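Asker: missing the sequence, but the structure's below:
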């Protein structure tokens, strides 16, 4: 599973870079067209907003896998190994619960908006909400994989100043 997640996250990195490049091209082109030619790309603002949401969620998956999210260990560093393990287990439990809440909400919104079309692109608004579903499933798989590795003893517990998991 570790190898699959590594390949998945490498692919996500490529997709995030592509989304960012498309966003920059759309916004830059639209600005130039508006100021220089008093024109614009109608779909640019809407599509840029959608791409930004997807970029944020996909980038968050990659950051979770690479342990790049901010964290504090003021309290956890004061515990011994068993206390740190308990804190990590509780923290991962809460994160998995949030993944479930996000998935359930995104799924409900996707179903609700399946036949609703966006004003300028005509695309289904469900595509916008699917980003939450993709994030929550991917994040849950990464968190479960981290928990399995932790419980097997494949990774060390973080201490003050060390990289987490």
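Answerer: Perfect, I can see it now. Quick caveat, the model's predicted, so the values are computed rather than measured.

Asker: make it CA atoms for all contacts and neighbour counts henceforth
Answerer: Will do.

Asker: Show me where this protein has its helices.
Answerer: Listed in chain order, the helices of the chain (DSSP state H) span 2-37, 44-65, 81-112, 126-152.

Asker: any idea how far stretch 2-9 is from the chain center?
Answerer: 15 Å (CA atoms, centre = their mean, to the nearest Å).

Asker: re earlier: wait, which of the helices of the chain is closest to residue 118?
Answerer: Minimum separation from residue 118 across those (CA to CA) falls at helix 44-65, 8.3 Å.

Asker: ok so, going back, next, format the helices of the chain as a markdown table and append mean pLDDT, mean neighbour count and distance to residue 72.
Answerer: Converted to a markdown table, the helices of the chain look like this (pLDDT from 0 to 100; neighbours: other CA atoms under 10 Å; distance: least, CA to CA, whole Å):
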| stretch | mean pLDDT | mean neighbour count | distance to residue 72 |
| --- | --- | --- | --- |
| helix 2-37 | 90 | 14 | 24 |
| helix 44-65 | 92 | 19 | 15 |
| helix 81-112 | 93 | 16 | 12 |
| helix 126-152 | 93 | 19 | 18 |
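
Asker: could you dump these to JSON lines with distance to residue 71?
Answerer: Formatted as JSON lines, these follow (distance: least, CA to CA, whole Å):
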{"stretch": "helix 2-37", "distance to residue 71": "21"}
{"stretch": "helix 44-65", "distance to residue 71": "11"}
{"stretch": "helix 81-112", "distance to residue 71": "11"}
{"stretch": "helix 126-152", "distance to residue 71": "15"}
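
Asker: which stretch among those comes nearest residue 120?
Answerer: helix 44-65 (7.1 Å).

Asker: right, and the helices of the chain - which one's nearest residue 73?
Answerer: helix 81-112 (9.6 Å).

Asker: Which secondary structure elements does the closest one sit against?
Answerer: helix 126-152 (3 or more CA pairs under 8 Å, 6 or more residues apart in numbering; DSSP states H and E).

Asker: and the helix it packs on with helix 2-37, angle?
Answerer: 150 degrees (axes from the mean of the first three to the mean of the last three CA atoms, to 10 degrees).
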